[in-house]
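In: Sequence plus the predicted model coming up.
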Amino acid sequence: MAASRISVWAGVAALSVALVGCTPASQPDPTPSASAEPSPDATSDGPPMTEAPAEEIDLDALACTDLLDLAVAQAQFGADAQFIAELGPTEFAGIMAGPVAETALTEATQKIGCIWGIPQSDGAFTVVVAALPQASRDTLTTALGTSVFTGTLIGTAPAYTWERDDALGMFTTVYAFASPLWVTVNGAGTTSSQTEITGDVLSHLRTLYPSLGD
């Protein structure tokens with residue numbers, strides 16, 4: 001493992017592990033409404049289709065650079081930001097904010113995780129995309145709806161954000177949903193910057209898999 005990867009990953013992991021035991025606060029449910037399903041399509045040699053075709057989602061076939069444009073990362077995080085590394089199978093533990101999210105990640109049927117940031121510094125963020133069973137998503141969003149997270153929309157995607165000032169500076173977690181995928185951006189940065197990054201990831205995923213829901 002390169003020294004730059006160790007440095008930036010340590011900053012993300014140290015803050016995230018500290019959050020695993022956080023207790024949700026009592027707040028009104030901010031869960032946004034999901035948008036409608038894609039409209040029916042038609043073929044030239046048959047009747048109209050009743051639903052959008054389902055693409056084969058294969059996150060293992062994706063590279064981290066398929067998920068986020070470097071220009072977006074640099075615009076939101078700094079000119080020196082770059083892709084650092086893909087998370088290995090054993091490196092997902094402890095990166096989610098809260099035990100319910102940690103459990104949901106263990107229930108994902110597929111996942112890819114990426115570290116982006118400024119080498120040789122504590123400035124880094126992770127991008128995680130996971131395919132969630134509906135029951136796991138329901139449990140997670142129910143917990144988020146009564147937590148310190150704020151419900152919002154990123155485009156049409158239901159999302160939740162949590163910005164706080166931690167030992168290494170401003171730190172933000174964004175969870176967004178494009179069914180059946182769950183996108184997490186977690187690390188140094190503000191809600192504004194991390195929301196822009198999350199939006200770019202969602203845009204790439206919808207290009208790859210046009211029938212994704214919300």
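Out: Looks like it came in fine.
In: where does the residue sitting nearest the centre point of the chain land in three-state SS?
Out: By CA atoms, centre = their mean, the mean C-alpha position of the chain lies nearest to residue 184, the distance being 1.7 Å. Three-state call for residue 184 (DSSP: H, G, I helix; E, B strand; the rest coil): strand.
In: Any idea what it is bridged to?
Out: Beta-bridge pairing of residue 184 under DSSP bridges involves residue 128, residue 175.
In: So, low pLDDT: which residues of the protein?
Out: 1-55 (pLDDT under 70).
In: which residues in it form strands?
Out: For the chain, the strands defined by DSSP state E cover 82-86, 110-117, 124-131, 150-154, 157-166, 169-178, 181-188.
In: for the fourth one, the distance to its chain's centre please.
Out: For strand 150-154, the distance between its averaged C-alpha position and the chain's averaged C-alpha position is 13 Å (CA atoms, centre = their mean, to the nearest Å).
In: ok, that strand: who's next to it in the sheet?
Out: Applying DSSP bridges, one finds strand 150-154 paired with strand 157-166 (antiparallel).
In: Show me which positions of the strand it pairs with end up buried.
Out: 157-163 (16 or more other CB atoms under 10 Å). Where C-beta positions appear, they are placed from N, C-alpha and C, glycine not excepted.
In: from the middle of its chain, how far away would it be?
Out: On the basis of CA atoms, centre = their mean, strand 157-166 is displaced by 11 Å from the centre of the chain it belongs to.
In: Pretty sure residue 110 sits against residue 59.
Out: Yes - using CB atoms under 8 Å, residue 110 is in contact with residue 59, at 4.3 Å.
In: Now do the helices in this protein.
Out: Taking DSSP state H as the test, the helices found in the chain are 3-19, 70-77, 99-106, 134-144, 191-208.
In: With distance to residue 63 and mean neighbour count added, can I get those helices in CSV?
Out: CSV is the format used below for those (distance: least, CB to CB, whole Å; neighbours: other CB atoms under 10 Å):
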stretch, distance to residue 63, mean neighbour count
helix 3-19, 16, 18
helix 70-77, 12, 17
helix 99-106, 20, 18
helix 134-144, 25, 17
helix 191-208, 11, 20
